[in-house]
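S.K.: Structure of the sequence below:
(chains A and B)
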Amino acid sequence: MRLELRTHDVRSVAFGERTTLRGGALTVRKQDLLDLIVSDPAFAAVQVELVSAGESARITQVSDVIEPRVKPGSGSGGVFPGLLAPVDPVGRGTTDRLRGVAVVTAGEVPWKGEKGLFVAHDNIVDTSGPGLDRQPYGAICFLVLRFTFADGVDHEGYERAVLLAGQKAARALALAAQGHEPDEVALYELKRPERPLPRVAYAYQVQSQGVFMRSRLNGQVLDQLMPTLVHPNELADGALTSGGLGGHASKMTTWMHQNNPIVEGMYARHGTEWDFAGIILHRGHYYLYEDKQRVGLRIAEMTDLLGAAGAVFTLGGAGNNITEAMLAIQECERRGIRTVLLTWEHGGADGTDYPLPFAVPEAAAIVSTGSFDEAFDLPRMERVVGDASIRVRPEIGGVRLPVDGAVRLERANSYAGAGNPLGFQRTGCVER
Amino acid sequence: MISALGPVAIELGANRVVRGVKIPHPCGDPTLDPSRDRALRLGLVRGALRALVTPLEKAAIFEGERVPPGGSAA
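M.R.: Alright, predicted model coming up:
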């Protein structure tokens, strides 16, 4: 299974008469995108806004971020199998990719009387300034689809509409690269090394808990996922997608799955230092302790069967989902499989509280991606793409926080990506 | 403490833990009809009271008592 990933760099975006890519300049015909999207009854209105690379802007109420990709020669576009494309094998052949631009789906999702943690979480993300260090995308261009949701449609209807709108727009942009010479070509293949090297698996946790926090594999919702094997190349073609409505700081967007830095890192030294055994995709946040034990056990059995000497763990979401990972780590270590965990920390405002909701003594190698609970300040951005305020503290029914000036966030939770689930961001910890 | 994550509760320092139903609803089960749910909740409270009067050397997880639907609080 060999994938040729053809990267086309995008340095600027502008609206124009046709959707084209020339010398790093992406021109977008707005009506082309609207034609793909507006007919969905979930939307009362759709706005398309562009953010230039490094522009001083704050995007509000983000649901997902998607990198434009397409598989040339495929009628359906080939990417996002099970959603835009049929459930065909992906991760092989060629894929065109626009680097430096991403589609953002955004807009305030009506709460419809729901309260507590299971609502659409509002968030912000900055495209310039210190906020760049806390999001994974960097100073790239963004095409923001901003939805006004229609009455008379339920959250399931909104979720489906947002998911497909983002993916269709991303595919449409990527089509502009067709037939162009790429700026970079990379080959991805898990060839077994010529000399034996330690095999290392990646235990990749995702969050999927209903309509607000959802992940899909080949289009299937993962709310009941038992650990399963995934080829890393499948991620490049969008077999694993994000979803849901709104999002908290540790939500993984589709862009993060498409560009997972753990996968990139494990590929980088595959065949020279280790033998990348593949991805064990699993879900945390099960409601029963016994279900958490089942997930932990299945991960350990699969890691063992893969012949892995080691496993890397990352978390999807924050909170009790660490239990599944910790139980898997414990069972792996008991079998002599060495583990390392990448995680956020709780630990309170000053970082001195107990940092993790659950831990096992076997989890001795842990990489911190920084605090979830530390307050941070963001300066005013020149432009707000979205609403001037967002809803925070859903557990008490919501309070409006103005975001059109300088903002102090008491916790990472309202900054999209700040939970740093995969280590993209420039956050960490210092022992004192 | 009534908790769906007994080992987690002990890890965080609770000595007497009663096994709760599920994380979103540790003290009851909204999928049950009201009389069964009431019996379940009554059993959890009884289990918690029993835990409180049980001498312990180290932290332990207790089960709720089994109460038939319609069982009395007495």
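
S.K.: tell me which element the residue of the stretch 301-432 of chain A found nearest chain B is part of?
M.R.: Nearest residue of the stretch 301-432 of chain A to chain B, counting by C-beta to the nearest C-beta: A:Phe358, 4.6 Å away. For every residue, glycine as well, the C-beta is placed using N, CA and C. Using DSSP states H and E, A:Phe358 falls within no helix or strand.

S.K.: my guess is it meets B:Leu5, correct?
M.R.: Yes - between A:Phe358 and B:Leu5 a contact is recorded at 7.4 Å, counting by C-beta atoms under 8 Å.

S.K.: joint contacts of those two?
M.R.: A:Asn320, A:Thr323 (C-beta atoms under 8 Å, 6 or more residues apart in numbering or on different chains).

S.K.: Just give me the residue right at the centre of the chain.
M.R.: All of this is about chain A. Closest residue to the average C-alpha location of chain A: A:Thr253 at 2.3 Å, with C-alpha atoms, centre = their mean.

S.K.: Sorry, I should have been clearer: chain B.
M.R.: Nearest residue to the geometric centre of chain B (C-alpha atoms, centre = their mean): B:Leu44, 3.4 Å.

S.K.: Name the nearest residue to A:Gly284, sequence neighbours excluded.
M.R.: Once flanking residues are discounted, A:Gly284 sits nearest to A:Asn321: 2.7 Å by C-beta to C-beta, 6 or more residues apart in numbering or on different chains.

S.K.: show me the contacts for whichever residue of chain A sits closest to chain B.
M.R.: At 3.9 Å from chain B, A:Tyr287 is the closest residue in chain A, using C-beta to the nearest C-beta. Applying C-beta under 8 Å, 6+ apart to A:Tyr287 gives the contacts B:Ala4, B:Lys22, B:Ile23, B:Pro24.

S.K.: A:Lys191 - nearest residue in space that isn't next to it in sequence?
M.R.: Nearest to A:Lys191 is A:Gly271, by C-beta to C-beta, 6+ apart, at 6.7 Å.

S.K.: hmm, back to that, can I assume the residue nearest to the centre of chain A is in contact with A:Thr105?
M.R.: No - if you go by C-beta under 8 Å, A:Thr253 and A:Thr105 don't touch, sitting 9.4 Å apart.

S.K.: anything in contact with each of the two?
M.R.: With C-beta under 8 Å, 6+ apart as the test, A:Thr253 and A:Thr105 both reach A:Val62, A:Asp64, A:Val65, A:Ile66.

S.K.: phi, psi of A:Gly129?
M.R.: Torsion angles at A:Gly129 (phi, psi; degrees, to the nearest 10) stand at phi 80, psi -160.

S.K.: give the contact list for the nearest residue to it once chain neighbours are set aside.
M.R.: Leaving out its chain neighbours, the residue that sits closest to A:Gly129 by C-beta to C-beta, 6+ apart is A:Pro379, at 5.6 Å. Contact analysis of A:Pro379 by C-beta under 8 Å, 6+ apart lists A:Gly129, A:Pro130, A:Ala406.

S.K.: mind putting those residues in CSV, pLDDT and neighbour count included?
M.R.: Output for the contacts of A:Pro379, formatted as CSV (pLDDT from 0 to 100; neighbours: other C-beta atoms under 10 Å in any protein chain shown):
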residue, pLDDT, neighbour count
A:Gly129, 97, 16
A:Pro130, 96, 11
A:Ala406, 98, 11
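
S.K.: can the helix or strand of chain A with the lowest mean pLDDT be found next to chain B?
M.R.: Every helix and strand in chain A was compared by mean pLDDT, DSSP states H and E; the lowest is strand A:366-371, with a mean of 93. No - remark: strand A:366-371 sits outside contact range of chain B, by C-beta under 8 Å from any C-beta of the partner chain, the gap being at least 15.5 Å.

S.K.: Can you name the next helix or strand after the helix ranked longest in chain A?
M.R.: If you go by DSSP state H, chain A has its longest helix at helix A:155-174. Using DSSP H and E, the helix or strand that follows helix A:155-174 in sequence is strand A:184-189.

S.K.: what about residue 54, how many neighbours?
M.R.: Picking chain A for this. Neighbours of A:Gly54 under the rule other C-beta atoms under 10 Å in any protein chain shown: 14.

S.K.: Chain B, not that one
M.R.: 10.

S.K.: And A:Leu281, by the same measure?
M.R.: Neighbours of A:Leu281 (other C-beta under 10 Å): 25.

S.K.: which parts of chain A sit against chain B?
M.R.: Applying C-beta under 8 Å from any C-beta, we find that chain A lies next to chain B at A:His285, A:Tyr287, A:Leu288, A:Tyr289, A:Lys292, A:Asn320, A:Thr323, A:Tyr354, A:Pro357, A:Phe358, A:Ala359.

S.K.: Which of the residues you listed fall within helices?
M.R.: The helices, defined by DSSP H, take in A:Tyr289, A:Lys292, A:Thr323 from the residues of chain A next to chain B.

S.K.: Going through those residues, which ones are buried?
M.R.: Among these, the ones that count as buried by 16 or more other C-beta atoms under 10 Å in any protein chain shown are A:Tyr289, A:Lys292, A:Thr323.

S.K.: quick one, what contacts the residue in chain B that chain A sits nearest to?
M.R.: As assessed by C-beta to the nearest C-beta, chain A sits closest to B:Lys22 within chain B, at 3.9 Å. Counting by C-beta under 8 Å, 6+ apart, B:Lys22 makes contact with A:Tyr287, A:Leu288, B:Ala4, B:Asp29.

S.K.: at 10 Å what do you get?
M.R.: A:Tyr286, A:Tyr287, A:Leu288, A:Tyr289, A:Asp291, B:Ala4, B:Leu5, B:Gly28, B:Asp29, B:Pro30, B:Thr31 (C-beta atoms under 10 Å, 6 or more residues apart in numbering or on different chains).

S.K.: What count of nearby residues applies to the nearest residue to A:Ala363 once chain neighbours are set aside?
M.R.: Excluding the flanking residues, the one nearest A:Ala363 by C-beta to C-beta, 6+ apart is A:Ile329, at 4.8 Å. A:Ile329 has 29 neighbours, counted by other C-beta under 10 Å.

S.K.: Which helix or strand lies directly C-terminal to the helix or strand harbouring A:Ile329?
M.R.: In this structure, A:Ile329 sits in helix A:322-334 according to DSSP H and E. Once the chain leaves helix A:322-334, the next helix or strand it forms, by DSSP H and E, is strand A:338-345.

S.K.: mind listing what that following strand pairs with, with the direction of each?
M.R.: strand A:310-314 (parallel), strand A:366-371 (parallel) (DSSP bridges).

S.K.: What angle do helix A:322-334 and the longest one make with each other?
M.R.: Just to be clear, that refers to strand A:366-371. 160 degrees (axes from the mean of the first three to the mean of the last three C-alpha atoms, to 10 degrees).

S.K.: What residues of strand A:366-371 count as buried?
M.R.: A:Ile366, A:Ser368, A:Thr369, A:Gly370, A:Ser371.

S.K.: Please enumerate the strands of chain B.
M.R.: B:2-3, B:16-19, B:60-62 (DSSP state E).

S.K.: Tell me where the chain has helices.
M.R.: If you meant another chain, say so; for now it's chain A. So, for chain A - with DSSP H - the helices run A:30-37, A:155-174, A:232-236, A:254-258, A:261-268, A:289-305, A:322-334.

S.K.: if you could check chain B rather than the one you did, that'd help
M.R.: Going by DSSP H, chain B shows helices at B:6-11, B:34-52.

S.K.: Can you report how many residues neighbour the nearest residue in space to A:Ala176 that is not next to it in sequence?
M.R.: Nearest non-adjacent residue to A:Ala176, counting by C-beta to C-beta, 6+ apart: A:Leu21, 4.1 Å away. Counted with other C-beta under 10 Å, residues neighbouring A:Leu21 total 23.

S.K.: Against A:Cys141, how distant is A:Leu21?
M.R.: Using C-beta to C-beta, to the nearest Å, one obtains 12 Å as the distance from A:Leu21 to A:Cys141.
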